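J.: Quick one, fold the following:
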Amino acid sequence: MIGRAYSNVDQVPSISRDLDQLCRVLLFTGRVPFSRAVEDEHVLQATVDYVPHTAIDLYRTLSVVLLRTGGEIPAVSVDTIDEDVVAEVFQDLGVAPTFEVLSLDAGLGRLRSMDEVVQFHLDALGDGRAALSLTCLGAVNRTLDQMGAPVLRIEHTRSTLRQALSRAASAMRMAEVEGSQLAAAVLRPLDTRRRRAAPPHVRSFSEQLRGVARPAEDGTWVVHTTIAAVRSLMPGGAATVPEGWSAGYGAGATVLDAEANARRALALGGAGHGPFTVLTDGSVLGLEATGVPGYGLRETDGLVLAHAREVGLRSLTLARLTVALRGLDPASFTARELAVAYGCGARSARRMLTTLQTAGVATVRGVEGPPRAGRPQAVYRIDVDRLVPRR
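T.: Below you'll find the predicted structure:
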């Protein structure tokens with residue numbers, strides 16, 4: 001476990017990029033740093049989550065208030081925690097609901113600035129609607145305290161932290177399982193006369209992949225490994241491929257499938273691009289960066305291509321989406337759940353769903369309140385019969 005502190009939330013994206021090279025899971029202490037990290041132009045490869053502020057955190061804070069006031073809870077202003085959760089806590093304590101609540105959501109996917117939250121508390125105190133400010137945000141707590149305003153920080157309880165760490169551990173175990181999938185790398189010398197002994201840099205390359213290079217009859221060299229080892233080289237891109245060689249990576253359910261996909265990836269790189277990785281479902285990692293369309297691999301069927309254009313997706317995206325839906329309930333899922341199943345960011349999943357809504361394939365069937373503090377999630381339904389082309 002690696003811990004990194006910051007004094008200003010603007011430092012979060014840089015710290016996230018550094019840790020993304022080392023960690024499978026990044027866990028933030030709150031929603032604000034979490035949002036700053038995921039909205040950065042750098043796409044994080046790690047699973048990203050945050051420690052929510054929950055009802056148990058508010059119970060703890062109000063207990064501190066009761067101890068300090070001799071058993072009375074004054075009118076309070078509260079930020080971040082959902083208003084319904086705050087009301088339930090006061091009802092459980094048998095206290096009349098005397099509070100003002102400010103959500104971090106400002107609409108259109110924007111979070112409120114620290115200045116807005118500070119002003120909310122100052123207005124509530126100034127109008128007499130609150131005698132004490134309760135904030136989940138460290139920057140707001142420091143600012144109000146420096147101004148002499150009565151403020152108390154809502155801190156995470158050990159129970160909340162334990163639950164968040166348990167989720168992170170589960171996500172890490174899931175990444176380890178996914179990372180154990182069979183993969184292969186195929187190396188081809190640019191000088192086709194190199195057909196016998198593997199040069200030292202090829203052996204070094206295979207060691208990086210935690211495998212052993214073996215020659216094939218066509219003059220290529222094959223390294224069997226795992227997808228986790230392949231992904232470990234991805235930040236280095238083409239720089240990891242030995243000079244004078246081209247490479248392709250592939251994943252598959254069997255050794256032969258992985259090698260076959262690696263050879264497909266190698267063929268894609270023949271146009272001067274790459275290296276690429278062809279996944280089990282036929283989708284290609286690295287293709288987006290080239291700006292070169294037209295590689296269909298397994299999705300070359302005319303019906304599939306025509307149907308993909310009809311729904312507004314690339315044929316590879318449509319095929320991968322179909323596979324991802326096998327692990328979801330197509331009649332009830334959120335954009336975040338789709339992002340996990342598909343293997344993309346939440347924003348990318350929402351863009352995909354917007355495209356499918358326009359095509360009449362996806363609809364919003366309702367809103368689901370999250371099990372922790374935060375913005376409610378839209379629940380989607382996909383008409384599988386309209387998503388998958390009929391022959």
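J.: Quick one: mean pLDDT over the longest helix seen in the chain.
T.: Using DSSP state H to define each element, the chain has its longest helix at helix 158-179. Taken as a whole, helix 158-179 has a mean pLDDT of 80.
J.: in its sheet, what does the helix or strand that comes right after that helix sit against?
T.: For helix 158-179, the succeeding helix or strand toward the C-terminus, using DSSP states H and E, is strand 182-189. Strand pairing for strand 182-189, determined by DSSP bridges: strand 221-226 (antiparallel), strand 245-251 (antiparallel).
J.: With mean pLDDT added, can I get these in CSV?
T.: Converted to CSV, those look like this (pLDDT from 0 to 100):
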stretch, mean pLDDT
strand 221-226, 90
strand 245-251, 88
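J.: now the angle between strand 221-226 and the longest helix of the chain, please.
T.: Comparing the axes of helix 158-179 and strand 221-226 via axes from the mean of the first three to the mean of the last three Cα atoms, to 10 degrees yields an angle of 150 degrees.
J.: okay, now the residue lying closest to residue 122 once chain neighbours are set aside: neighbour count?
T.: Excluding the flanking residues, the one nearest residue 122 by Cβ to Cβ, 6 or more residues apart in numbering is residue 149, at 6.8 Å. Where C-beta positions appear, they are placed from N, C-alpha and C, glycine not excepted. Neighbours of residue 149 under the rule other Cβ atoms under 10 Å: 17.
J.: In this structure residue 149 contacts residue 123, no?
T.: No - Residue 149 lies out of contact with residue 123 (Cβ atoms under 8 Å); the separation is 11.3 Å.
J.: Show me the contact partners of the longest helix of the chain.
T.: For helix 158-179, the surrounding residues in contact (Cβ atoms under 8 Å, 6 or more residues apart in numbering) are 24-25, 27, 47, 49-54, 56-57, 156, 226-228, 231.
J.: rerun at 6 Å
T.: Residues outside helix 158-179 that contact it (Cβ atoms under 6 Å, 6 or more residues apart in numbering): 24-25, 27, 47, 51, 54, 56-57, 227-228.
J.: how about the strands paired with strand 182-189 in TSV, adding distance to residue 70 and mean neighbour count?
T.: Compiled in TSV, the strands paired with strand 182-189 are given as follows (distance: least, Cβ to Cβ, whole Å; neighbours: other Cβ atoms under 10 Å):
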stretch	distance to residue 70	mean neighbour count
strand 221-226	61	22
strand 245-251	64	24
